[in-house]
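*Asks:* Sequence plus predicted model, see below.
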Amino acid sequence: MEPRTGRRAPRLRRRGKKVTIDRLLVQKAKLNVSAAVLKGETVRLSIPDIELKDIGKESQGASLPTVVEMFLKEVNRNAAQAVAKVDLRGMAEKARKEAEEAVQKEVEGATGEVGKKLKGVFGK
């Protein structure tokens, strides 16, 4: 079912031209990942290579929607593996510490300026 309409999602057509693919290879694919803990930042990840062999050979051909479905399952699986290796919490903690340090420097700078002005007022 489609989440927005509540109607049944159309099924992919399994009829039509059938193909056989000896080897489908995707190398050096990249994925941009963002998460709430990254506050809008993205991380670019490498996805493991995807290789599918002998598609449709056993069944006298596979429909194009079937091939696309098989390929997208592999993309999802490999993307999930790549994302699972990322330490998002560690990245968020590092960003938080850097922000705290930047704020601390600003506060120290502002405090120093106020101190100078007070010395000028009291003549010291």
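*Replies:* Noted; the coordinates are in hand.
*Asks:* Tell me where this protein has helices.
*Replies:* 64-84, 88-122 (DSSP state H).
*Asks:* Which secondary structure elements does the shortest one sit against?
*Replies:* Using 3 or more C-beta pairs under 8 Å, 6 or more residues apart in numbering; DSSP states H and E as the contact criterion, the elements in contact with helix 64-84 are strand 21-26, strand 30-34, strand 42-46, strand 50-55. Glycine gets a C-beta too; all of them are placed from N, C-alpha and C.
*Asks:* Show me the chain divided up by domain.
*Replies:* Split into domains by automatic domain parsing, the chain comes to 1-86, 87-124.
*Asks:* Now tabulate the ones you listed in CSV and tack on mean pLDDT and mean neighbour count.
*Replies:* Formatted as CSV, these follow (pLDDT from 0 to 100; neighbours: other C-beta atoms under 10 Å):
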stretch, mean pLDDT, mean neighbour count
domain 1-86, 81, 12
domain 87-124, 69, 10
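*Asks:* picking that back up, what's the closest of the helices and strands packed on helix 64-84 to Lys97?
*Replies:* Across the helices and strands packed on helix 64-84, Lys97 has its closest neighbour in strand 42-46 (17.4 Å, C-beta to C-beta).
*Asks:* angle of that closest one against strand 30-34?
*Replies:* For strand 42-46 against strand 30-34, the angle by axes from the mean of the first three to the mean of the last three C-alpha atoms, to 10 degrees is 150 degrees.
*Asks:* ok, Leu64 to Val19 distance?
*Replies:* Distance, Leu64 to Val19, using C-beta to C-beta, to the nearest Å: 7 Å.
*Asks:* And for Val33?
*Replies:* 32 Å.
*Asks:* leaving aside the residues next to it on the chain, what's closest to the residue nearest the centre of the chain?
*Replies:* Nearest residue to the geometric centre of the chain (C-alpha atoms, centre = their mean): Val33, 1.8 Å. Excluding its sequence neighbours, the residue lying closest to Val33 (C-beta to C-beta, 6 or more residues apart in numbering) is Val43, at 4.9 Å.
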